[in-house]
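> Sequence first, then the predicted structure, then my questions.
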Amino acid sequence: MRTLKWTLLLVGVMIMLASCMDQEPGEISVRAVQNGEKQGCTVMIFTEGGKQIDEKPTDNQGLVFIKNLPPAVYKLKFKGNDGSMFPAEKSVRVISGGSEIVDVELTEAPPAAPAT
């Protein structure tokens, strides 16, 4: 009987550890506008450390769904159809199994970093 209790306890701990290590991916939904009008563009996805990992075009309504992202913080930058960069940048945290919605005004520059 004592062996059965320890076995069940061990199995429970193993299941808990496995669920912590194997996190579900999340997704980001982007809605882009320029001067209040829906705008197509390309969304560039970067890690928090600055490495570009992907880019996805929006549709002509400025919508794109970026799926299967591991939980982390990502930085989004936006490129026009002519290749020029918009000033907007967004930082977004993706959680396990979560879906984040990002509304972006492409002409809005990110806030300046405080002076040190």
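Sure thing, it's come through. Numbers count the residues shown, from 1 in each chain.

> and stretch 103-111, average pLDDT?
When the per-residue pLDDT values of stretch 103-111 are averaged, the result is 91.

> what about it, start to end distance?
Using C-alpha to C-alpha, to the nearest Å, one end of stretch 103-111 lies 16 Å from the other.

> tell me which residues of that stretch are tucked away?
Of the residues in stretch 103-111, those buried by neighbour count under the rule 16 or more other C-beta atoms under 10 Å are 104, 106. Every residue, glycine included, has its C-beta placed from N, CA and C.

> So which bits of stretch 42-56 are buried?
For stretch 42-56, a neighbour-count test (16+ other C-beta under 10 Å) marks 42-46, 55 as buried.

> Make sure Glu24 is indeed in a helix.
No: inclusion of Glu24 in a helix is not indicated when DSSP: H, G, I helix; E, B strand; the rest coil is applied; the result is coil.

> Dihedrals phi and psi, Phe78?
Here the main-chain torsion angles of Phe78 (degrees, to the nearest 10) amount to phi -130, psi 130.

> Show me the beta-bridge partners of it.
Phe78 has these beta-bridge partners by DSSP bridges: Val43.

> Name the next helix or strand downstream of the lowest-mean-pLDDT helix or strand in the chain, please.
For the chain, counting by mean pLDDT, DSSP states H and E, helix 2-21 ranks last in confidence among helices and strands (a mean of 62). From helix 2-21 onward toward the C-terminus, using DSSP states H and E, the following helix or strand is strand 26-34.
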